[in-house]
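K.L.:
My questions are about this predicted structure, shown below with the sequence.
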Amino acid sequence: MKAGIRISGFGGQGIILSGVIVGKAAVFDGFNAVQTQSYGPEARGGSTRSEVVISDEEIDYPKVESASISIIMSQEAFFKYASRTKREGIIIYDPELIPDNKIEGDFKLAEINATRIASELGTKIVANIVMLGAFNEICNLISKDAMTESIKDSIPKMLDLNLNAFEAGKKNVKIINK
Amino acid sequence: MKAGIRISGFGGQGIILSGVIVGKAAVFDGFNAVQTQSYGPEARGGSTRSEVVISDEEIDYPKVESASISIIMSQEAFFKYASRTKREGIIIYDPELIPDNKIEGDFKLAEINATRIASELGTKIVANIVMLGAFNEICNLISKDAMTESIKDSIPKMLDLNLNAFEAGKKNVKIINK
Amino acid sequence: MTNDVIRLLGRKDLFIQGDDAAVYGALIADCRFFAGYPITPATEVAEGMALWMPKLGGVYVQMEDEIASIAAVIGASCTGVKSMTATSGPGFSLMQECIGYACMAEIPCVIVNVQRGGPSTGQPTEAAQGDVMQAMWGTHGDHQIIALAPKSVQETLDLTIEAFNLSEDYRVPVILLLDAEIGHMREKVVLPEVVNVKVDERVPATIGPDKYRPYRTGFTRTSKVPEFAPFGSGYRTYVTGLTHDKRGFPVTTSADVHEELVRRLIEKVQDDMDVIWYHEDLFLDDAEIIVISYGTTSRPAVSAVKMARKSGIKVGHIRLITIWPFHYEKMKELLKNAHTIIVPEMNLGQMVHPIRETVGKDIKVISAPKIGGAIHTPYEILKCIEEE
Amino acid sequence: MTNDVIRLLGRKDLFIQGDDAAVYGALIADCRFFAGYPITPATEVAEGMALWMPKLGGVYVQMEDEIASIAAVIGASCTGVKSMTATSGPGFSLMQECIGYACMAEIPCVIVNVQRGGPSTGQPTEAAQGDVMQAMWGTHGDHQIIALAPKSVQETLDLTIEAFNLSEDYRVPVILLLDAEIGHMREKVVLPEVVNVKVDERVPATIGPDKYRPYRTGFTRTSKVPEFAPFGSGYRTYVTGLTHDKRGFPVTTSADVHEELVRRLIEKVQDDMDVIWYHEDLFLDDAEIIVISYGTTSRPAVSAVKMARKSGIKVGHIRLITIWPFHYEKMKELLKNAHTIIVPEMNLGQMVHPIRETVGKDIKVISAPKIGGAIHTPYEILKCIEEE
Amino acid sequence: MIHVNTNYCKGCLLCVEYCPKKVYVKSEKLSKKGVFPPEVKFPENCIKCHLCELMCPDFAIIVEDKDDK
Amino acid sequence: MIHVNTNYCKGCLLCVEYCPKKVYVKSEKLSKKGVFPPEVKFPENCIKCHLCELMCPDFAIIVEDKDDK
Amino acid sequence: MGFISNDIIIEKYLRKDMLPTIFCTGCGIGSVMNYALRAIHDLNIDMNETVFVSGIGCSSRVPGYIYSDGLHSLHGRAIAYATGVKLANPKLKVIVFTGDGDCGAIGGNHFLHAIRRNVDITVISINNFIYGMTGGQVAPTTPLNSKTTTTPYGNIEYPIDLSMMAKVIGAPYVARWTTAHPVQCISSIKKALQKTGFSFVEVLAPCPTSYGRLNKMGNTLDMTKHFKESTINIKLYEKMLADGKTTDKMVIGELVDIEKEDFNTKYNKFCGELK
Amino acid sequence: MGFISNDIIIEKYLRKDMLPTIFCTGCGIGSVMNYALRAIHDLNIDMNETVFVSGIGCSSRVPGYIYSDGLHSLHGRAIAYATGVKLANPKLKVIVFTGDGDCGAIGGNHFLHAIRRNVDITVISINNFIYGMTGGQVAPTTPLNSKTTTTPYGNIEYPIDLSMMAKVIGAPYVARWTTAHPVQCISSIKKALQKTGFSFVEVLAPCPTSYGRLNKMGNTLDMTKHFKESTINIKLYEKMLADGKTTDKMVIGELVDIEKEDFNTKYNKFCGELK
Ligand SMILES: Cc1ncc(C[n+]2csc(CCOP(=O)(O)OP(=O)(O)O)c2C)c(N)n1
Ligand SMILES: Cc1ncc(C[n+]2csc(CCOP(=O)(O)OP(=O)(O)O)c2C)c(N)n1
Ligand code: SF4
Ligand code: SF4
Ligand code: SF4
Ligand code: SF4
């Protein structure tokens, strides 16, 4: 088993943290995992990317070329990364941030209004966790337990809020096409 | 023609300036000349050395190995450099600064009480020029005109004092042995 | 001490980034002084130290700049406390004068350089291996440092411990060359078992203060590394960056004293090259093509070599773990059967210079540079292999 | 301008030291800004500038340290004024970050490094050639500077002018590598005839501010050096040490932009290697042994080679005038008939590395190091020759 | 006319706060930048004091003088 | 006893100036260091105030207390 | 009191192709830039003869957005670069944008010596009490006990007062305001730009992302309000002092405004004498 | 008032094999060293737990003659090195010897920040108004119009007042004397050594070789006399001020003597709280 997950968006959305949570969860599930990241000079607003390679073998090359799963949180990132998903791979995105979400190719698309849901839960900043809920719901790569354990370990503060966000993501994700 | 002159003593005596004057004078006389120097971290009092190579050809190697003429102004320098004079070379020294001036070998020795003479002229600091007078008197390497011209060019201030010192050196130098 | 740290760190399997691993490695190696100045992508090392040092009775101080940081590190190390700083290219350039001081005065210290794209401020958030030649030649005058380059987060932890050990053993600054990729890469890290951790201390003075000469060697060992008496131990040591005699006092116009000192500073490290020089190799037995890489770049290189082997190409891999000193003889030996050498680096060709120097004209040496931030893909390296 | 200077300097035959010659060369080359900080043995350059600049309408300023000095020099150069600083090892180490900046932003400047014994404060008053590798690799990241090394006081003057020319032509920092020996050596110097002095200026912008892109090349020439619009000329140029696009604006996460920029910075110099690389050779025709030297060391080397020739040894001499970039191809060509190469240096073997890299294993390369202050005697080098 | 450049606006809402005439309200719609920009709700109240422009750290507001009634 | 260490003394003659009892005068003989050191001319006047030692920048003078009359 | 419209600022003074800025939501740096450009506009300064110089940091990104010559130097070195620019071409108006870290930590010595030399430049320091660009480490201006990523247990180093330092070292013009004082800021920047010699304007500015977040100070609005409450005008302060009262508040206002011969004037004078 | 004999100083505190010093005839550095050692003797400080730290310069050679641990660092860096020594081993008494160039030019920033941090070290700065070791270049302390080898036409940069700077930045102990004030020097150094926190003693000292010669100030004796005439004690000065009079003279005396928690105390406190 080897899977590459790419999470992208802009600075301040918690893109990198999402990657860490996924990678750590994978390790909790007994896999090897490597999480890498890419970001610009901006503290907020710049384009940001986080990649996680999960495998049951040793991972030499740590980067994701074509992602098995793309989690996308900005229009710019969608343009850039959506198509860099594997054939039959999954693309999960927030349609309100990505109004222009037409894409050709053999992908599974899943929508989740993560930012809005997060706002409704109290703060936009948990949108990334909503996305992770959606991710966990759609891909049975990592166990729910490992994911929640990893969230706990990574964000000890405001745990309830984050777990709610996670659940909301699981509940509200919509698969658009197969 | 090729001659190496080594002037040595301690910092503050104007050892380097003496070398410059000799080198410049040689150039005025139409020779090639290279003057180099060696000194320690002390502004005053450390051991100092200045070497001048004079030649009618191009000078590749700029340092003096065995000096044709050694001008020595401290006991320490005498111990170190007197013997590094060529066979039949000339050693000029200030005996009051170098009470222990016995030396074996085939050298011409010349004494001049440069520091005392300089003090009497008004200031110890022209002792180096007294030494140069002695040097000019004993070695007919460089013309007197070139030497005085070089002194003028190198120390525009207090010219009379320096020319007096130079003359005093010429007058008072004593050859000790052949 | 080490014991406490491993206990404090808690859970043995961690999912941490390279910068954190450098922190944990340092803590385990008994580093108890850190002075630094924030800079992307090394800031997390400082942040980790700021968090941990106070808990361990160590000192964290953020200085006014990188020069002050390395200066404070050297000062601290003079008291016998293991000390470290961390920076990236711009700060590393600023530290050069003090690094030369540490070489000259033989003050152990570890400098983590999490390399980013240069020259100048360049690409602050992108990875590079552009400072490897600088690590060796960055300060003025002849000298010899030690530089190590890990390929994984786990190895970052392990080599940080080793960096301290080598620094203490040889009384020389050791530079840990990370890059932005590995510095921010998170991987599973297993903390070492307490019993397995080897933590070296500099050799203490073995004779009394009256006879002790800070820079005399050979008191008890044949090594060219002098024994160390920390400040405050009653030995009354004088430490200077000027050329000094065995007593440590400045003697700045004697060619002999200078030559003896500077040669010893270099030889104390180079003489032990066989011990200091770590590498790893793969498929060398029958390899005609050899890929030589180090640090992060080794990961795609190994992938590529494995792929090439699968398609029957006789290719091997050498990973340099110790970057400096460079073991010319050992490398010559390892490379003697190759006809082609490929050197992928995240710079425009730096370690390729000593490699070319090693093998000369007979063996083809191909530089496979890549700059701009992205690490080589296995396919890029594979292509180089296949073209040979 | 140049005219004025030569007139002002008066008497054409001077008996001056290397440091002074660097001053006069700079004045003749139209250098009108000097910022520096005193350090033995380079202080006389600053002192000369302090004396002359005000007389020539130029600016002398002693800054608070060497970092500020090179920073001010870069700032001044941005206004189109030719600018210089002078230092020795410790200061040169401190300047490394800014030197990288000048490379990256392509700001011409001349840095005189009067080398003294290192590492660290080492031997402040003794000569060395210990910073030649640092001149090339001292700052972080890939880059290419130009370094020149004169062998005489006269050549110091001439090469200072050339340093400014190359710096302006290629918009790159040029390092003039003197040493304490030549810096304080006095020799006869003949000022050039006014008509013979070639003084280059950086290529000015040839199109209007609306179309001008500070880092676009090929407006009027095929060269990879961009045209220059000084601050205050209405072109409104943005200068940064970050990776930038052709407009000069930061683009720090694009591998393409970075690679294109950094490659061009290196190629603009290396492509013109045939023009930039100066050397001098002697008796090469039938030489089996070749002595390669540079700077002061060339003087005893030439003496030794002449002596050896007298006793019938087929020995030749190459003097590197341009130290960096190193012309591997040309050197390979020049050395192809030799069986032995001897490299005397006032360091423990630095330029011997690229030389070994050039010739490989077939030709024996002997490093003939000497450190501690005294320059090689001709006999020492002769002995090396005779032993072959 | 009051223009809010949603490409520049980062959603700090200083304009909403500092407008003496309460011309702006927080929009309900996420901008492409992922923020809730101001909405010009009561343009008719605007007295062209330009205070919102002065307070906007992002040059995102332009209050045109020329359409002065 | 007053010792003037002519190996340390550099001839600044601060001792001559600051000695309240004018114990010292400038020597007529050059020392090996090429300077005219102080000469202890009137040791009997010394009151052991140690001021010369305090003022000597070169630790060249030692005024022994023990030979106190 | 009327303000001009942003379209003038944008058209005349900004590099539109560089916008939006990289600053975070509500970052005060944009405000200071806005104020400075309005001051420049009011003074009708020729942008063809103006150079903005900066170091490294969020605040140091300002010159990149301004349509004039710009020199984005190295961390801490802005003032040293600016010294070179000004001395080499005294006709240029040289304005430095610098962060409190850039100016006061790594750049502290250049700051000190440029003041001492009285180089004719204007330094605008955006003091957000923290290192913004690198993500929130302690700065030399960080208040005691504040949380930063490198003072997780609270800051134990006494903060430095940049304006007071400038004053004592002898800068002929020194003023401090906050982003909540746009009018005063603009007016002080104008005075600074008109002063011959070293002029210094410090502006306290919110960094909601790092300083605000780590110290639970809320958003920009909250921070701006806090600035108003935690500062006191020098005139009021002096009155208080006279009345024998003291305060913990930070003094703002115009702290120095004197005449003092600058480096260039002195240099030209003695150059003239040489001729 | 009795002074001890030099033989005690030489035997107990000096490295005899390093003497004579490299200082010039009449150089004031030797005097300051003498005063400092007498202060140490009076306080009975354990030389086994004392570290002298210095930078580069004539003054920085002092630790080389003192029989204790010594750290002869790099030009300008003494205080940064000393910070490392002190923080790593707070038991040590750390004393910095530094020149005015070392401390105020290249080292200015470390000086500033060590004061700000209130690191518990004593800095003794020997101010000879010039760079001695390199042969007489302008220093940041060189008076206006003075001649140096790099100001052949007279200095045009305003000199800095190191002690005033130390005071303003917040050093808890600051005193300035001249070599012509041995008793006061010794007493201030003693106070400085007893102060917890950053203490600063500036001593104006003759450099006859460079400063004296270039400015035709005569020998050490003349220069020492000049010091007496060109300085004014703070107490007198304050009286003058109160009387509405001013003076050009340099103020000497004890400028600050307050209590202020030092870095180590604060650090240990919060470390303690963590446990
Ligand atoms: C030599 C060097 N050291 C460190 C850095 C990293 N660095 C970039 S900006 C910065 C601090 C920024 O803080 P400040 O100057 O206060 O500006 P702000 O970002 O808060 O506006 C640091 C430490 C660097 N670029 N160069
Ligand atoms: C980095 C560096 N720059 C310059 C020097 C040269 N240098 C040595 S001492 C000195 C100045 C000495 O002046 P000061 O600190 O006032 O001490 P003094 O010699 O007057 O006692 C300088 C510039 C150096 N050693 N290192
Ligand atoms: S002040 Fe500007 S950036 Fe902030 S919300 Fe209003 S328009 Fe947007
Ligand atoms: S004070 Fe000391 S150094 Fe000076 S003359 Fe007297 S004994 Fe000599
Ligand atoms: S990190 Fe702080 S200073 Fe930097 S842009 Fe964001 S809010 Fe502004
Ligand atoms: S040069 Fe000046 S400071 Fe240095 S030892 Fe001589 S007199 Fe003292």
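P.N.:
Arrived safely. Numbers count the residues shown, from 1 in each chain, chains lettered A, B, ... in the order given. Ligands and ions are numbered 1, 2, ... in the order given.

K.L.:
separation between the closest residue in space to residue A:107 that isn't next to it in sequence and residue A:133?
P.N.:
The spatial neighbour of residue A:107 that comes closest, neighbours along the chain excluded (CB to CB, 6 or more residues apart in numbering or on different chains), is residue A:91 at 5.1 Å. Glycine gets a C-beta too; all of them are placed from N, C-alpha and C. Residue A:91 sits 16 Å away from residue A:133, taking CB to CB, to the nearest Å as the criterion.

K.L.:
Just want to know which of these two has more residues nearby.
P.N.:
Per other CB atoms under 10 Å in any protein chain shown, whichever of residue A:91 and residue A:133 has more neighbours is residue A:133, with 30 against 24.

K.L.:
quick check, residue G:96 in a strand?
P.N.:
Yes. Applying DSSP: H, G, I helix; E, B strand; the rest coil, one finds residue G:96 inside a strand.

K.L.:
so who does the closest residue to it other than its chain neighbours touch?
P.N.:
In space, and not counting its chain neighbours, residue G:96 is closest to residue G:123: 4.4 Å by CB to CB, 6+ apart. Residues in contact with residue G:123, defined by CB atoms under 8 Å, 6 or more residues apart in numbering or on different chains, are G:79, G:82, G:95, G:96, G:98, G:103, G:111, G:114, G:198, G:199, G:200, G:201.

K.L.:
got the contact list for the residue of chain E at minimum distance from ligand 5?
P.N.:
Of all residues in chain E, the one sitting closest to ligand 5 is residue E:57 (8.8 Å; CB to the nearest ligand atom). With contact taken as CB under 8 Å, 6+ apart, residue E:57 is in contact with E:12, E:14, G:23, G:26, G:27, G:28, G:29, G:30, G:31, G:33, G:34, G:179.

K.L.:
If we use 10 Å, what do you get?
P.N.:
E:8, E:10, E:12, E:14, G:21, G:23-34, G:179, G:205-206, G:220 (CB atoms under 10 Å, 6 or more residues apart in numbering or on different chains).

K.L.:
Now the phi/psi pair for the closest residue to chain E within chain G, please.
P.N.:
Distances between chain G and chain E by CB to the nearest CB are smallest at residue G:30, namely 2.8 Å. As for residue G:30, its main-chain torsions (degrees, to the nearest 10) stand at phi -60, psi -40.

K.L.:
Let me know the helix or strand that the residue of chain E closest to ligand 5 is in.
P.N.:
Following DSSP states H and E, there is no helix or strand that holds residue E:57.

K.L.:
And it, its phi and psi?
P.N.:
phi -80, psi 0.

K.L.:
Indicate the residue of chain C located nearest to ligand 2.
P.N.:
The nearest approach of chain C to ligand 2 comes at residue C:97, 6.3 Å away (CB to the nearest ligand atom).

K.L.:
how close does that residue get to residue D:249?
P.N.:
33 Å.

K.L.:
of those two, who's got more company?
P.N.:
Set residue C:97 next to residue D:249 and count neighbours by other CB under 10 Å: residue C:97 wins out with 30 against 20.

K.L.:
Pretty sure the more buried one sits against residue D:97.
P.N.:
No. Under the criterion of CB atoms under 10 Å, residue C:97 lies out of contact with residue D:97, with a separation of 11.1 Å.

K.L.:
Tell me, how many residues neighbour residue G:217?
P.N.:
A count of neighbours around residue G:217, defined by other CB under 10 Å, yields 17.
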